[in-house]
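J.: sharing a model that was predicted from the sequence below.
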Amino acid sequence: MRSQKALVIDDDPASLFYLRHILQRRGYEVQTYENPVHCPLYQCSVCPCSLQAGCPDLIVTDFNMPVINGVELLESSIKKGCRCRHLALISGNGLLETVLLRVAKYGTRYFSKPLDLDDFHSWLDRIESEILHERDPTGVTKDGGGSGS
């Protein structure tokens with residue numbers, strides 16, 4: 001089975017390093033972007049993930065970033081065909097209920113900064129269990145994609 005993949009977008013270098021460290025210790029292949037405009041999900045007009053490589057198993061993005069905020073990035077990714085089902089939005093500022101409702105329809109999990117490690121690890125435990133159940137022994141999802149999404 002292929003390893004799990006994570007995509008992390010956060011304009012704060014310390015937060016980016018911290019999230020990458022947490023996910024790598026759990027065995028994830030982690031792609032990080034400090035500037036959302038460098039992320040392939042922002043640059044491409046359709047989801048850039050190939051069917052063979054698949055979309056990431058999870059996407060974690062900061063809310064307040066230059067050019068595009070985390071909600072807009074997630075919504076844009078979904079409209080472009082990204083099949084990642086495990087999404088998280090983090091913010092150092094409290095978010096309005098309207099923003100939280102906007103992302104809730106995609107199943108996005110919200111975390112505030114500073115990150116509650118127990119809560120974040122509990123979320124990862126849950127989604128990792130879901131990912132394992134979605135894959136067959138070859139690492140391919142039951143829907144034919146290779147992403148666990």
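T.: The structure has been received and is ready for your questions.

J.: tell me the contacts of the residue nearest to the spatial centre of the chain?
T.: Computing the C-alpha centroid of the chain and ranking residues by Cα atoms, centre = their mean puts residue 59 first, at 0.5 Å. By Cβ atoms under 8 Å, 6 or more residues apart in numbering, residue 59 lies in contact with 6, 7, 8, 9, 41, 74, 77, 82, 84, 86, 87, 88. Placement of C-beta: from N, CA and C, glycine included.

J.: touching, the fifth one and residue 7? I think so.
T.: When you say that, I think you mean residue 41. Yes. Under the criterion of Cβ atoms under 8 Å, residue 41 makes contact with residue 7 at 7.4 Å.

J.: give me the buried positions along the helix or strand bottoming out on mean pLDDT in the chain.
T.: Averaged element by element with mean pLDDT, DSSP states H and E, the chain has its least confident helix or strand at helix 97-104 (a mean of 80). Buried positions in helix 97-104, judged by neighbour count with 16 or more other Cβ atoms under 10 Å: 99, 102, 103.

J.: what packs against that helix?
T.: In terms of contacts (3 or more Cβ pairs under 8 Å, 6 or more residues apart in numbering; DSSP states H and E), helix 97-104 is packed against helix 70-79.
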